[in-house]
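K.L.:
structure for this input, please:
(one chain, ligands or ions: 2)
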Amino acid sequence: MVNYRSLLAVLSLACLSSTTAVIAQSEDKADAMQNEFEKALSLTPDIDNGRKLYKLCVTCHGPEGWGDDNGSYPQIAGQLTGVTIKQMADFRAGNRDNPIMRAFTSVRALGGAQEIADVSAYIASLPMTEYNGQGSRRDLELGREIYLRDCADCHGEDGEGDVKKHVPMIQGQHYKYLERQYRWIRNGRRLNANKEMVEQIENYTAREEKAMLSYVATLLPPTEKLADADWTNPDFPNFIRSWRPDPTRERRGSLR
Ligand code: HEC
Ligand code: HEC
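P.N.:
Ligands and ions are numbered 1, 2, ... in the order given. Just a heads-up that it's a prediction; the model follows:
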């Protein structure tokens, strides 16, 4: 006759050890990701190889890396290399919850640390558009006040980011993209969020948030990072571009 008690004991032991195994495995994986991120940072990037790899990214991010002002894709052109490397490693590790980017940053699609470094350096070399999507102009003064007080220490006075601390450059980013990432950072969907930033942004009103992110969207990258008028990426001459910036739109930056 079956001894249910010992069967149960065996079963629960089996469950327990498999849970431990899963935890150990995910810790191993987190370590591996951290190593890969650090390795990618230390490697010398091969921009030519990055250019080839960027073919994988063009359909969504566009040949210029300017994304789309409806916020579905960010402007990634000109982003600090270390920041892009970190974001890629985070997508890969599932720390940013985006199945699409997770697939495209997988080892199978992209490769290892060297490839991450290569494509990130290529992206950093692309000139930016200054005609990114804008928010509301109503409360820009208020937005500037909050930004300079609460965000500029980390993200820089002009939103230029911080290479050493891997703080993203946010100048030139599409308003709608900023809004989505900000929301995901606040509500915890972005697991890679900076803890201090999360504490910082807990208590704004909706109006303050809109004001501050609208202000961020007006921050212009320095002239040397900007593309000349009508520039298209010569590496992708035949690509049919779905979104192009509209230079006839109202100019920004009036608050600076
Ligand atoms: C099928 C569409 C698609 C492809 C292909 C794709 N991406 Fe993305 N990418 C996205 C989307 C969507 C987001 C925004 C994710 C979010 O909202 O969290 C994104 C976000 C990013 C970000 C984060 C930027 C930031 O500032 O937050 C980086 C970096 C990036 N992609 C790089 C790449 C690279 C490099 C490739 C090619 C190897 C690539 N992507 C291919 C759709 C794509
Ligand atoms: C303590 C430093 C710190 C402060 C203060 C801070 N941030 Fe951040 N922020 C970061 C870091 C670090 C990241 C990147 C986290 C990661 O690795 O994904 C980030 C990410 C972001 C992103 C996502 C960018 C992207 O390309 O994905 C936005 C938008 C943002 N911050 C806006 C703000 C605003 C607006 C404020 C002020 C209310 C602010 N931050 C205050 C450190 C900070």
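
K.L.:
all strands of the chain, in order?
P.N.:
Read by DSSP state E, the chain holds no strands at all.

K.L.:
residues in this structure within reach of ligand 2, list them.
P.N.:
Residues of the chain lying near ligand 2 by CB under 6 Å from any ligand atom: 86, 150-151, 153-155, 167-168, 170, 178, 181-182, 192-194, 196-197, 200-201, 212, 216. Yep, even glycine has a C-beta here, placed from its N, CA and C like the rest.

K.L.:
buried subset of the residues you listed?
P.N.:
The neighbour count (16 or more other CB atoms under 10 Å) marks 86, 150-151, 155, 167-168, 170, 178, 181-182, 193, 197, 201, 212, 216 as buried among the residues of the chain next to ligand 2.

K.L.:
just the ones of those residues in helices?
P.N.:
Using DSSP state H, the members of those that fall in helices are 86, 155, 178, 181-182, 197, 212, 216.

K.L.:
which two among those residues are spaced furthest apart?
P.N.:
The most widely separated members of those, counting by CB to CB, are K86 and M212 (23.4 Å).

K.L.:
residues of the protein that sit close to ligand 1?
P.N.:
So the chain meets ligand 1 at 53, 56-57, 59-61, 72-74, 76, 84, 87-88, 96, 98, 100-101, 104, 110, 119, 168, 180-181 (CB under 6 Å from any ligand atom).

K.L.:
for PyMOL, what selects the buried ones among the residues you listed?
P.N.:
With 16+ other CB under 10 Å as the criterion, this PyMOL line picks the buried residues out of these:
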select buried, resi 53+57+61+73+74+76+84+87+88+96+101+104+110+119+168+180+181
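
K.L.:
among the residues of the chain next to ligand 1, which ones are in helices?
P.N.:
Among the residues of the chain next to ligand 1, the ones falling in helices (DSSP H) are 53, 59-61, 84, 87-88, 100-101, 104, 119, 180-181.

K.L.:
farthest pair in these?
P.N.:
L53 and R180 (25.7 Å).

K.L.:
so what's A89 closest to, chain neighbours aside?
P.N.:
Computed as CB to CB, 6 or more residues apart in numbering, the closest residue to A89 that is not its neighbour in sequence is F37, at 3.9 Å.

K.L.:
ugh, wrong one, I meant M128
P.N.:
G78 (4.2 Å).

K.L.:
again with R92
P.N.:
Distances taken as CB to CB, 6+ apart place T105 nearest to R92, at 4.5 Å, with adjacent residues excluded.

K.L.:
quick one: contacts for G111?
P.N.:
By CB atoms under 8 Å, 6 or more residues apart in numbering, G111 lies in contact with L53.

K.L.:
ok, I185 - how many residues close by?
P.N.:
The number of residues packed near I185 is 17, by other CB atoms under 10 Å.

K.L.:
gap between it and V198?
P.N.:
Per CB to CB, to the nearest Å, I185 is found 6 Å from V198.

K.L.:
rewinding a little: what about the residue nearest to A89, distance to R244?
P.N.:
For F37 relative to R244 (CB to CB), the value is 34 Å.

K.L.:
same drill for those two, tell me which one is more crowded.
P.N.:
Applying other CB under 10 Å to F37 and R244 shows that F37 carries more neighbours, namely 21 against 13.

K.L.:
the more buried one contacts Q87, correct?
P.N.:
No. In this structure F37 lies outside contact range of Q87 using CB atoms under 8 Å: 10.0 Å.

K.L.:
start to end distance for stretch 171-191?
P.N.:
Taking CA to CA, to the nearest Å, stretch 171-191 runs 23 Å from one end to the other.

K.L.:
ok, now stretch 215-234?
P.N.:
End-to-end span of stretch 215-234 (CA to CA): 32 Å.
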